[in-house]
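A.B. asks: Predicted model and sequence below, questions to follow.
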Amino acid sequence: DTAVSQTPKYLVTQMGNDKSIKCEQNLGHDTMYWYKQDSKKFLKIMFSYNNKELIINETVPNRFSPKSPDKAHLNLHINSLELGDSAVYFCASSQGTGDGLDGYTFGSGTRLTVV
Amino acid sequence: QKEVEQDPGPLSVPEGAIVSLNCTYSNSAFQYFMWYRQYSRKGPELLMYTYSSGNKEDGRFTAQVDKSSKYISLFIRDSQPSDSATYLCAPYNQAGTALIFGKGTTLSVSS
């Protein structure tokens, strides 16, 4: 019954590797997001998709590439992982065209550790 | 100046205390002011929001906005150990943009 589910929950990998994080929502929401939360708990927007279309693309290294095969799924692929990529990555979804007033529903996060 | 500033704490209070959590923001175009709560190792969840200036009450929680000073507050009355979490403020402007969060204030309520 999980509304927004992310896999994997934990990811430990070596520098230089390529990894993917998957996100799925069963709420029927139109908009999905990727946020990065660093060690100081600062939650920063990375990307947003509305009905499979990229609508927000913040200043993020192009090693990060989001993909949305349909409006219920948003994946994040990271190439050539660096130590600074270690963080918790949260997927979220919201109704409508990103109208935050309905509230975002967040997943439980993927804790990425690059060693 | 960052768009949203929030004292990270940690803030430790005894059970039953009144807690005040605060944020300042720089963009005067913000009209909606959200508060999210994040428990340890969980994603944030929407607690409440207010529109423009004024107060909004929801049970033990009161959100207050002063647009003239760009200051947002969340008050928790009769705090409980279950309120122990990180509270993030998120001022919001318009559809098509994403929420911008403050760094969050970590609250610990001891019984």
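C.D. replies: Received, thanks.
A.B. asks: Excluding residues flanking it in the chain, which one is nearest the residue of chain A at minimum distance from chain B?
C.D. replies: Using Cβ to the nearest Cβ, the closest approach of chain A to chain B is made by residue A:106 at 2.8 Å. For the C-beta atoms, the positions are set from N, CA and C on the backbone; glycine is no exception. Using Cβ to Cβ, 6 or more residues apart in numbering or on different chains and skipping residues adjacent in sequence, the residue nearest residue A:106 is residue B:43, 2.8 Å away.
A.B. asks: Residue B:34: neighbour count?
C.D. replies: 23 (other Cβ atoms under 10 Å in any protein chain shown).
A.B. asks: and it, backbone torsions?
C.D. replies: Here is the backbone geometry of residue B:34 (degrees, to the nearest 10): phi -100, psi 150.
A.B. asks: I'd guessed the residue nearest to residue A:106 sits against residue A:88; true?
C.D. replies: No. The criterion here is Cβ atoms under 8 Å, and residue B:43 misses it with residue A:88 at 9.1 Å.
A.B. asks: So what pairs up with the residue of chain A closest to chain B in the strands?
C.D. replies: As for beta bridges, residue A:106 partners with residue A:92 under DSSP bridges.
A.B. asks: If you tally nearby residues, what's the number for it?
C.D. replies: By other Cβ under 10 Å, the residues close to residue A:106 number 23.
A.B. asks: try residue B:71
C.D. replies: 13.
A.B. asks: Tell me the secondary structure at whatever residue of chain B ends up closest to chain A.
C.D. replies: Residue of chain B nearest chain A, by Cβ to the nearest Cβ: residue B:43 (2.8 Å). At residue B:43 the chain is in coil, as set by DSSP: H, G, I helix; E, B strand; the rest coil.
A.B. asks: pLDDT wise, what is it at?
C.D. replies: Note on residue B:43: pLDDT of 95.
A.B. asks: before we move on, what about residue B:31?
C.D. replies: 86.
A.B. asks: Can you tell me the closest non-neighbouring residue to it?
C.D. replies: residue B:52 (5.9 Å).
A.B. asks: who touches that neighbour in this structure?
C.D. replies: For residue B:52, the contacting residues are B:31, B:65, B:67, by Cβ atoms under 8 Å, 6 or more residues apart in numbering or on different chains.
A.B. asks: Next, count neighbours for the residue lying closest to residue A:74 once chain neighbours are set aside.
C.D. replies: Once flanking residues are discounted, residue A:74 sits nearest to residue A:32: 4.1 Å by Cβ to Cβ, 6+ apart. If you count neighbours by other Cβ under 10 Å, residue A:32 ends up with 29.
A.B. asks: Report the contact partners of residue A:32.
C.D. replies: Here residue A:32 is in contact with A:23, A:25, A:48, A:49, A:68, A:71, A:73, A:74, A:91, A:92, A:93 (Cβ under 8 Å, 6+ apart).
A.B. asks: just residue B:111 next, same as before
C.D. replies: Residues near residue B:111 by Cβ under 8 Å, 6+ apart: B:15, B:81.
A.B. asks: I'd like the distance from it to residue B:59, if you could.
C.D. replies: 19 Å (Cβ to Cβ, to the nearest Å).
A.B. asks: Report the residue spans of chain A with pLDDT below the cut-off.
C.D. replies: Residues of chain A meeting the criterion pLDDT under 70: A:96-100.
A.B. asks: Now residue B:62. Nearest residue, chain neighbours left out?
C.D. replies: Using Cβ to Cβ, 6+ apart, the nearest residue to residue B:62 is residue B:75, at 4.4 Å.
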